[in-house]
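Q: Return atomic coordinates for the entry below.
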Amino acid sequence: MSRLLLNCDMGESFGSWTMGLDAEVMPFIDCANIACGFHAGDPGIMRKTVGLALAHDVMIGAHPAYPDLAGFGRRSMACTAQEIEDLLHYQVGALDGICRAQGGRVGYVKPHGALYNDMMADAGKLRAVIKAVAAYDRQLPLMLMATRDNSAAQALGDEYGVTLWFEAFADRAYDAAGRLVSRQLPGAVHHAPELIVEQALRLATGRALTASDGSELVLAADTLCVHGDNASSIAAVQRIREALDKQFGS
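A: Down below sits the predicted model:
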């Protein structure tokens with residue numbers, strides 16, 4: 001069993017407004033999901049975040065979203081399949097250009113927020129996202145949510161020849177289908193570092209989680225999403241990294 005890749009959302013500042021502790025968390029992760037300007041980020045923030053990732057030998061991922069800067073990309077939008085393809089190409093291309101100017105390249109794609117959730121609930125939107133990735137660069141993996149049954153998504157990935165990286169979350173509760181419990185419900189987000197590290201190790205070693213209905217849930221995942229927006233989350237990420245390195249080797 002290989003070690004899960006740790007990924008984290010990055011570059012979500014905008015202008016003089018700062019969000020996240022990117023410099024502090026970057027040394028502990030494998031993959032940086034960098035905002036591309038539609039939900040957060042701007043050209044200068046993108047450049048700085050790319051440089052930080054390259055300095056730490058962290059893989060760079062494009063983190064495209066709906067064009068919803070005011071809502072941080074968390075509001076669903078009635079986009080057609082063609083519009084989804086267009087907005088992905090625009091954002092991935094922008095980040096890839098900034099990467100190339102610094103000697104790097106985009107290494108994968110992970111949609112953000114409402115777009116990420118919508119594509120997991122709507123096969124047509126997931127097809128549009130996969131088709132967009134395939135048209136831009138079929139070698140780029142697409143990161144998407146691991147659920148109890150990944151077969152339908154995998155079939156779409158296989159149809160377009162796109163590698164899928166299934167993602168799990170160390171700090172979120174799951175329902176019986178393997179989907180994230182709504183943040184509006186109590187217990188949806190884990191805050192205790194011990195609980196977060198324990199869930200990370202369970203996911204990494206293929207052991208069952210306890211779903212919100214009490215059933216056992218096993219998620220087949222390739223990557224683990226962690227967060228680094230406060231001091232306690234940075235400490236949790238460091239502990240997860242140390243635990244995974246101890247389990248699997250650095």
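
Q: what's around the nearest residue to G71 once chain neighbours are set aside, how many residues?
A: Spatially, and ignoring its direct neighbours in sequence, G71 is nearest to H39 (7.8 Å; C-beta to C-beta, 6 or more residues apart in numbering). For the C-beta atoms, the positions are set from N, CA and C on the backbone; glycine is no exception. Residues contacting H39 under the criterion other C-beta atoms under 10 Å number 27.

Q: And H39, how far from P64?
A: 8 Å (C-beta to C-beta, to the nearest Å).

Q: again, but for M120
A: From M120 over to P64 (counting by C-beta to C-beta), the distance is 15 Å.

Q: For the residue at minimal distance from the centre of the chain, which residues are in contact?
A: Note on the chain: the residue nearest the mean C-alpha position is K110, at 5.2 Å, using C-alpha atoms, centre = their mean. Listed by C-beta atoms under 8 Å, 6 or more residues apart in numbering, the contact set of K110 reads N7, N33, G61, A62, H63, Y116, L142, M143, L144, E167.

Q: Show me these that map onto strands.
A: N7, N33, G61, A62, H63, L142, M143, L144, E167 (DSSP state E).

Q: Of the residues you listed - the most surrounded one?
A: Top of the ones in strands among the contacts of K110 by neighbour count (other C-beta under 10 Å): H63, with 32 neighbours.

Q: Wait, it touches I34, no?
A: Yes: counting by C-beta atoms under 8 Å, H63 does reach I34; the two are 5.6 Å apart.

Q: for this protein, which helix is longest?
A: helix 81-101 (DSSP state H).

Q: What are the contacting residues of it?
A: Contacts of helix 81-101 (C-beta under 8 Å, 6+ apart): 34, 36-38, 43, 46-47, 50, 60, 62, 64-67, 79, 105-106, 109, 111, 115, 124-125, 127-129, 131-133, 135-136, 140.

Q: helix, strand or coil for the spatially most distant residue from the centre of the chain?
A: In terms of distance from the mean C-alpha position of the chain, G214 ranks first, at 26.3 Å (C-alpha atoms, centre = their mean). What DSSP: H, G, I helix; E, B strand; the rest coil gives for G214 is coil.

Q: how far away is it from E194?
A: 21 Å.

Q: residues near G11, how many?
A: 28.

Q: State the distance from the nearest residue to it once chain neighbours are set aside to Q247.
A: Once flanking residues are discounted, G11 sits nearest to T49: 3.6 Å by C-beta to C-beta, 6+ apart. Note on T49: its distance to Q247, by C-beta to C-beta, is 29 Å.

Q: do L6 as well
A: 13 Å.

Q: Likewise for G41?
A: G41 is 33 Å from Q247, by C-beta to C-beta.
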